[in-house]
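Enquirer: prediction below, plus the sequence it came from.
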Amino acid sequence: MAQTLLLLPGDGIGPEVIEQTVRVAEKVAPDLALEYGLVGGASYEEHGTPLTEETLTRAKGASAVLLGAVGGPKWAGVPRDKRPEMGLLGLRKGLDVYANLRPALCFPALADASALKRHLVEGLDILIVRELVGGVYFGEPKGIETLPDGTRRGFDNAEYTTPEIHRITRVAFDIAKGRGNYDRTWGGVCSVEKSNVMDSGQLWKEEVQALYDAELKDTGVPLHHMLADACAMQLVREPKGFDVILADNLFGDILSDEASMLTGSIGMLPSASLSDAGKPGLYEPVHGSAPDIAGQGKANPCAAILSLEMAMRWNLDRIETADAISKAVSTALEKGARTRDLGGEMSTSEMGDAILAEL
Ligand code: IPM
Ligand code: MG
């Protein structure tokens, strides 16, 4: 049976970067069946909801799903449950893609674009493994209520269970084992939480350690624990000391944005969200919809193209194709290809041309 890739371009710069990604996909995997769907604001405009049941069903039936971006000021006044972001969260939850892999990789050609000094980031290659379908993002109860005195109270519930913590911990150790970077300061897996103030954080730490002691110690992969605020600090002090950072949904969200800036541009970073083996993953660039530059041909398509690369690697079993894509991006950068976010002048499609030329 032919593999299918469901493309959900979404909002803002999403459609522009997906357009370039499609050119790459058609070139390197002509047998891959490409399908299209709506998500986020684009779906809301058409169907009154950011994610239809039909789109979710098609996503579950695809080999992999590639999403552009969702959101924009246009939908700021829409009720929360109909906001574009809810389409993304619904897709994550519906596909049960609990393991979000966010590599922060500094391409040699871009080391000077980082906010940090070259020696701190040159050769940086760390991976954030973020739990994606639990924690405070989905915990109940949540809401905003009006109190008797007329003031209001907003609340969310941060919660994790043993199975949720164990399954994401296994993914982090599996990957850390394959990477083998045990000699770094926090090499192997560095699990982060706020066990000093949060009960769910204390449980996180205890369950990661318990699983390690029971099943993972023998892999030889070291385990470190770190408070999330300390991790934010060490990420700018000694970023290359990390290897795989294991984090819950909220801390993973924040730390991955921080890590992205170490690499020079958020426009370069892909992500993969995986479920259990054999189920479709959700691939998306880490950058958002960037409404300020949408429709102007200024967006950097690299993160989307590298998200396709991750789909080839993690879901479609096309490792050689994945290697070819990442090499093409790297070579194009070495030859000087730069969009505006990287200090250059190239348009979105010119960057696409430069990468295609290397394939
Ligand atoms: C991300 C984004 C999303 C998140 C938003 C758009 C809901 O920030 O993928 O990191 O918070 O998970
Ligand atoms: Mg985020």
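Expert: Structure's in. What do you need? Ligands and ions are numbered 1, 2, ... in the order given.

Enquirer: A311 against L5, yeah?
Expert: Yes: assessed by C-beta atoms under 8 Å, A311 is found in contact with L5 at 6.8 Å. For glycine as for every other residue, the C-beta is placed from the backbone atoms N, C-alpha and C.

Enquirer: give me the common contacts of those two.
Expert: Both A311 and L5 are in contact with A64, L66, where contact means C-beta atoms under 8 Å, 6 or more residues apart in numbering.

Enquirer: looking at the two, which one has more neighbours?
Expert: Remark: of A311 and L5, A311 carries more neighbours, 30 against 25, as counted by other C-beta atoms under 10 Å.

Enquirer: contacting residues around that one?
Expert: Applying C-beta under 8 Å, 6+ apart, we find A311 in contact with L5, A64, L66, A272, G281, Y283.

Enquirer: wasn't it part of a strand?
Expert: No: using DSSP: H, G, I helix; E, B strand; the rest coil, the assignment for A311 is helix, not a strand.

Enquirer: quick one: neighbours of the nearest residue to I319 once chain neighbours are set aside, just the number.
Expert: Counting by C-beta to C-beta, 6 or more residues apart in numbering, R313 is the residue found nearest to I319 once chain neighbours are left out, at 6.0 Å. For R313, the neighbour count with other C-beta under 10 Å is 19.

Enquirer: any idea how far R313 is from E350?
Expert: Note on R313: its distance to E350, by C-beta to C-beta, to the nearest Å, is 26 Å.

Enquirer: what of R179?
Expert: In this view, R179 and E350 are 34 Å apart by C-beta to C-beta.

Enquirer: and for E26?
Expert: In terms of C-beta to C-beta, E26 sits 18 Å off from E350.

Enquirer: so for the two, which sits in the more crowded spot?
Expert: Per other C-beta under 10 Å, whichever of E26 and E350 has more neighbours is E350, with 17 against 12.

Enquirer: element containing that one?
Expert: helix 348-356 (DSSP states H and E).

Enquirer: can you list the neighbours in contact with that helix?
Expert: Contacts to helix 348-356, defined as C-beta under 8 Å, 6+ apart, come from residues 13, 16-17, 19-20, 23-24, 27, 297-302, 305, 328-329, 332, 335, 337, 339, 346.

Enquirer: what about that helix, distance to the chain center?
Expert: Centroid separation for helix 348-356 versus its chain: 23 Å, with C-alpha atoms, centre = their mean, to the nearest Å.

Enquirer: mind listing what's buried in that helix?
Expert: Residues of helix 348-356 classed as buried: T348, E350, M351, G352, A354, I355, L356 (neighbour count, 16 or more other C-beta atoms under 10 Å).

Enquirer: check stretch 159-175 too.
Expert: Buried positions in stretch 159-175, judged by neighbour count with 16+ other C-beta under 10 Å: Y160, E164, I165, R167, I168, T169, V171, A172, F173, I175.

Enquirer: how much space between the closest residue to A176 other than its chain neighbours and ligand 1?
Expert: Sequence neighbours aside, V244 is the residue nearest to A176 in space, at 4.3 Å (criterion: C-beta to C-beta, 6+ apart). V244 is 18 Å from ligand 1, where distance means C-beta to the nearest ligand atom, to the nearest Å.

Enquirer: three-state assignment of V244?
Expert: Following three-state DSSP, V244 is assigned to strand.

Enquirer: ok, it - contacts?
Expert: Here V244 is in contact with I126, L127, I128, V129, A172, I175, A176, R179, G188, V189, C190 (C-beta under 8 Å, 6+ apart).

Enquirer: wait, a strand at the fourth one?
Expert: In other words, V129. Yes: counting by three-state DSSP, V129 is part of a strand.

Enquirer: helix, strand, or coil at whatever residue of the stretch 251-359 of the chain ends up closest to ligand 1?
Expert: Here the stretch 251-359 of the chain gets closest to ligand 1 at one residue, D253, 4.6 Å apart by C-beta to the nearest ligand atom. Following three-state DSSP, D253 is assigned to helix.

Enquirer: so what's it scoring on pLDDT?
Expert: We have a pLDDT of 95 for D253.

Enquirer: burial count for the closest residue to it other than its chain neighbours?
Expert: In space, and not counting its chain neighbours, D253 is closest to R130: 6.9 Å by C-beta to C-beta, 6+ apart. Here the count is done by other C-beta under 10 Å, and R130 has 27 residues near it.

Enquirer: ditto for the one 3 residues further on
Expert: Taking other C-beta under 10 Å as the criterion, the count of residues near V133 is 21.
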